[in-house]
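**Student:** Here is my input; please provide its structure:
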Amino acid sequence: MNARKIFKFVSLIVILAVGTWLLWPPSDEGETAGAAAAEAPGGPRAGVKYTIRFSPGNSYLPGMTPDGIGSPLKGLADVVADYEKLHPDTHIELVTAPVGVREYLVTQLISGMAPEIINVNVEDVWQDIQKNWYVKFNKLLDSPNPYVKPGEPGSVRWWDQIKYPGISRGTAAPDRNYYCICYDMVETGIYYNKNIFRKVGVEEPKDFEDFMRICQKIKDYTNEKGEHPYTPILLGQWTMADWCLDLFFDQFYAQITPGIDLSAGQDPERELYLKHYLDWDEISFLRKKGFFGKKDPRWREVFKVMYRFRQMANRNLTTIDPIREFVTQSGAMYWAASPFTYHLMVDKKLGFDWGIFYMPAFTQATSKYADGHPMCVIGGPGTQYEITNSAISDTGNPETSERLKRVGDFLYFLMAPQNYIKVVNETPRYLTNIIGVPVQPPLQPFDDFLKRDYSSSKWMFTFDLKFSETLLRMLDLYLNDGITLDEFIWWIETSLEQACQNIELRKPPDWAELQRSWDSKAPARAKMKDLPDEAYR
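**Tutor:** Numbers count the residues shown, from 1 in each chain. You can find the predicted model right below:
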């Protein structure tokens, strides 16, 4: 072997040895670090049998400062400390997880590494119930809450604690099982600057056409400098694709639900709230009958009115900071959810009075397909906690899992009124969903809004991520004159066809039952006008 080869061989050995030495942790330091982590405040304690990872969401995560204003949250930390004191063999580990990032969620669930308790919109859960990633809540909900005093709501069944039972039962999945507990409630509303309204000379609208007139008057208002200083209403891209689409869809389709609601009467408890809700299988069936495409005039009308409404909003829907625009009085109105109430209450530099109203109803003046019924609810369940399959990692069976019992016990404790009030009412952002825990006065308008009927659709959550992203992207293009209405309808119809095919492969609908229900509603459809041609056959 020549000197060059020997040098190369020795060099490789030296590099490998040095690399191994650098990466190898010293044994004493490693043991010390491990011991320190175990003894750190908030970390696992000696004798802990159950470590429950809980992702509460940023709304209640201790240390978070809502909207960057006020004091850091601590209510949940206090409740967790009380539970660990009561159960020394249990450690509750509060963890963070991206909200609304489905790829992250799916990766965690597939790997079995998801937190035992997570905060996910239940419509996202419905897509995966056949995969056994989530534990059913049915048994827990029908059992007594051991942390409620005898004779009080919840002492016989956990269900009896729930303030909004109709809304909460409306979270039942299409398989008629429950996969979450509705921890709190949320609703949207249109916040408005009373000072600007007085200056322009307008009041809260009575119907949608009145609302559009108010928006136009605000848009045309000229100050002493000859400027148009106000954007009528502030909102974001997601607001249009989610809230606006569902509200406007309901305005045009609610009156024909007697002819197209194919699951009506199948689940009386679920229908206390979701009485006209169209599930994925119903939409798939109705798509085959010509609905939700170019042959459906109501579908087209939804987006025509959305385009008209969009002209009153901020020019940029994707990167604008609507909160900043509203609090600096550049926008007269802001369509937002109830947590924004807290921001307005604690902002000491806010220089105006404000109020809240709900999106007003369409009338015949807006469209011949409107009947004037109130805009539906699009909020409802706010924070929704699910139990993942990580909770049954000890046995793999919900019926025999001791770990699951402890997870459920912690949720009972969290929902006991004396603990619940410390968390939900720490700030005026979410409405309480436990009997005996009052709604904070600033949130009362939202409590009134929740008494309306629920939406008949959730288009951004019904199908797969590909459909949702296509809808979001193409709607933004259409609303900003990037494509025509006809082009938009083609894109969404094509994407919806693909979404229906994909979900049918994963969860084949009961076509025979849907057809029987469809046939039974033929007399009702015969009296309706302007349905797709296939609907009359």
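**Student:** what's the burial count for residue 293?
**Tutor:** Other residues near residue 293 number 17, with proximity taken as other CB atoms under 10 Å. Where you see a C-beta, it was placed from the backbone N, CA and C, and this is true even at glycine.
**Student:** That one reaches residue 496, doesn't it?
**Tutor:** Yes - counting by CB atoms under 8 Å, residue 293 touches residue 496, with 7.4 Å between them.
**Student:** Buried residues of stretch 124-142, list them for me.
**Tutor:** Neighbour-count burial for stretch 124-142 flags 124, 125, 126, 127, 128, 129, 133, 134, 135, 137, 140, 141 (criterion: 16 or more other CB atoms under 10 Å).
**Student:** and the nearest residue to the third one once chain neighbours are set aside, what does it touch?
**Tutor:** When you say that, I think you mean residue 126. In this structure, residue 126 finds its nearest non-sequential neighbour in residue 173, 4.8 Å apart by CB to CB, 6 or more residues apart in numbering. Counting by CB atoms under 8 Å, 6 or more residues apart in numbering, residue 173 touches 122, 125, 126, 129, 179.
**Student:** Per-residue pLDDT of the fourth one, please?
**Tutor:** Yep, that's residue 129 we're talking about. For residue 129, the model assigns a pLDDT of 85.
**Student:** From residue 453, how far off is the closest residue to it other than its chain neighbours?
**Tutor:** Counting by CB to CB, 6+ apart, residue 173 is the residue found nearest to residue 129 once chain neighbours are left out, at 5.3 Å. Residue 173 sits 20 Å away from residue 453 when distances are taken as CB to CB, to the nearest Å.
**Student:** Which two of the contacts of residue 173 have the greatest separation?
**Tutor:** Spatial extent of the contacts of residue 173 (CB to CB) is set by the pair 122 and 129 at 10.2 Å.
**Student:** Residue 371 and residue 523, how far apart?
**Tutor:** 20 Å.
**Student:** Looking at the two, which has the bigger crowd around it?
**Tutor:** The neighbour count for residue 371 versus residue 523, taken as other CB under 10 Å, is higher for residue 371 (14 against 10).
**Student:** is it fair to say the more buried one lies in a strand?
**Tutor:** No - according to DSSP: H, G, I helix; E, B strand; the rest coil, residue 371 belongs to no strand; its state is coil.
**Student:** Could you verify my assumption that it touches residue 255?
**Tutor:** Yes - if you go by CB under 8 Å, residue 371 and residue 255 touch, sitting 5.0 Å apart.
**Student:** Common neighbours of residue 122 and residue 129, please.
**Tutor:** Common neighbours of residue 122 and residue 129 (CB under 8 Å, 6+ apart) are 173, 179.
**Student:** what's around residue 312, how many residues?
**Tutor:** Residue 312: 19 neighbours (other CB under 10 Å).
**Student:** Just give me the neighbour total for the closest residue in space to residue 259 that isn't next to it in sequence.
**Tutor:** With sequence-adjacent residues excluded and distances taken as CB to CB, 6+ apart, residue 259 is closest to residue 525, at 3.8 Å. Using other CB under 10 Å, residue 525 has 17 neighbouring residues.
**Student:** Surely residue 525 touches residue 261?
**Tutor:** No - contact criterion CB under 8 Å: residue 525 and residue 261 do not qualify, at 11.4 Å.
**Student:** Using the three-state scheme, assign residue 335.
**Tutor:** Residue 335 - assigned by three-state DSSP - is strand.
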